[in-house]
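**Student:** all I have is the shape, not the residue letters:
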């Protein structure tokens with residue numbers, strides 16, 4: 001799996017924690033649990049010491065086991081279980097672990113030791129079982145994650161990440177939010193949904209898109225649309241494209257530092273300029289200083305005015321995300337009948 005693949009890799013080998021058993025029949029005794037062969041995951045629950053919690057799905061499973069039979073995993077953790085790779089359980093620094101959000105649903109559960117208890121109950125029609133874990137449906141999990149984030153731009157990025165994983169669409173989230181008018185922060189959720197797009201392939205690319213759209217005031221760019229020369233030959237598929245200004249934008253992640261990838265990027269930039277498109281590249285540090293990115297964009301737009309347009313934009317991807325999701329839902333319904 002590439003680090004920027006929006007779909008999480010298949011998961012296997014998850015180990016369900018077992019309870020400490022004074023008799024030693026159904027699980028280790030308390031003394032055995034304190035020994036080198038077991039790892040305590042929470043009070044009264046253990047897994048073999050060979051089972052680590054570096055795998056985010058294992059960490060979610062261990063947190064869910066503490067919640068009891070009525071608890072429901074939601075937010076980023078449920079989205080990860082559904083298969084969205086960018087919900088990796090880490091904060092923006094890439095190191096700090098986020099607590100696993102769980103709705104107690106009436107059970108006695110407190111926010112501590114890696115668990116964040118969600119106040120609202122999750123009704124039965126919004127609960128599914130994934131990897132043996134009770135978790136919220138996609139739209140409900142994303143709704144809760146957006147409310148946890150609490151900042152409109154980052155909420156929009158979360159929607160884009162779920163869309164990139166083909167879990168939901170902007171249209172589906174718009175409809176879902178419309179049915180939750182009485183929930184806390186629903187106005188921010190609805191604002192963020194309207195700001196979200198489906199075409200970005202990574203959160204960083206989406207953050208660049210938001211600078212492009214909001215800080216620079218350039219309007220919504222085309223995302224990952226192919227560009228051809230006038231003879232119909234493919235030139236590139238830029239992250240962002242302003243067809244009126246003739247400017248493309250590219251986010252260069254850490255993998256772009258590889259020498260072969262860097263050489264490819266240089267050739268790509270030359271090909272785009274050769275057909276009359278100017279080029280703006282940003283890295284992660286740039287995204288923390290939007291004014292620098294905006295200035296670079298404005299300079300590129302000025303240069304683009306001098307170029308002769310020898311390119312055309314390819315058609316949007318077909319089928320659409322909503323069509324893909326509708327077909328998948330129909331196929332699941334047929335299998336369940």
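**Tutor:** Sure thing, it's come through. This one's a predicted model, so the numbers in the text were calculated from it and none came from an experiment.
**Student:** just name the shakiest helix or strand of the protein by mean pLDDT.
**Tutor:** The weakest-scoring helix or strand in the chain, judged by mean pLDDT, DSSP states H and E, is helix 259-274 (a mean of 79).
**Student:** tell me the buried residues in it?
**Tutor:** 265, 268, 269, 271, 272 (16 or more other C-beta atoms under 10 Å). C-beta: built from backbone N, CA, C; applies to glycine.
**Student:** also stretch 293-301?
**Tutor:** So for stretch 293-301, counting by 16+ other C-beta under 10 Å, buried means 293, 294, 296, 297, 300, 301.
**Student:** which residue packs closest to the residue nearest to the spatial centre of the chain, ignoring adjacent ones?
**Tutor:** Residue closest to the average C-alpha location in the chain (C-alpha atoms, centre = their mean): residue 161, at 3.2 Å. Closest residue to residue 161 in three dimensions, ignoring its sequence neighbours and counting by C-beta to C-beta, 6 or more residues apart in numbering: residue 86, at 4.1 Å.
**Student:** that neighbour touches residue 201, doesn't it?
**Tutor:** No: at 9.9 Å, residue 86 does not count as touching residue 201 under the criterion of C-beta atoms under 8 Å.
**Student:** of the two, which one has the most company?
**Tutor:** Per other C-beta atoms under 10 Å, whichever of residue 86 and residue 201 has more neighbours is residue 86, with 24 against 19.
**Student:** so who does the more buried one touch?
**Tutor:** 6, 161, 164, 165, 202, 203 (C-beta atoms under 8 Å, 6 or more residues apart in numbering).
**Student:** and the pLDDT for it?
**Tutor:** Per-residue pLDDT puts residue 86 at 97.
**Student:** so what's in contact with residue 86 and residue 201 at the same time?
**Tutor:** 6, 164.
**Student:** next up, identify which helix or strand residue 144 is on.
**Tutor:** Assessed by DSSP states H and E, residue 144 sits inside helix 138-149.
**Student:** contacts for that helix?
**Tutor:** So helix 138-149 is contacted by 74-79, 82, 87, 101, 116, 118, 120, 122, 126, 135-136, 155, 158-159, 162, 167-168, 172-173, 176-177, 180, 183-185, 188-189, 192 (C-beta under 8 Å, 6+ apart).
**Student:** mind checking which of those are in strands?
**Tutor:** 101, 116, 118, 135, 136 (DSSP state E).
**Student:** switch the buried residues of stretch 293-301 over to CSV; also include distance to residue 327.
**Tutor:** Formatted as CSV, those follow (distance: C-beta to C-beta, whole Å):
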residue, distance to residue 327
293, 38
294, 40
296, 41
297, 38
300, 39
301, 40
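**Student:** which of these fall in strands?
**Tutor:** Short answer: the buried residues of stretch 293-301 have none in strands (DSSP E).
**Student:** closest one of the residues you listed to residue 53?
**Tutor:** For the buried residues of stretch 293-301, the minimum distance to residue 53 (C-beta to C-beta) is 37.2 Å, reached by residue 293.
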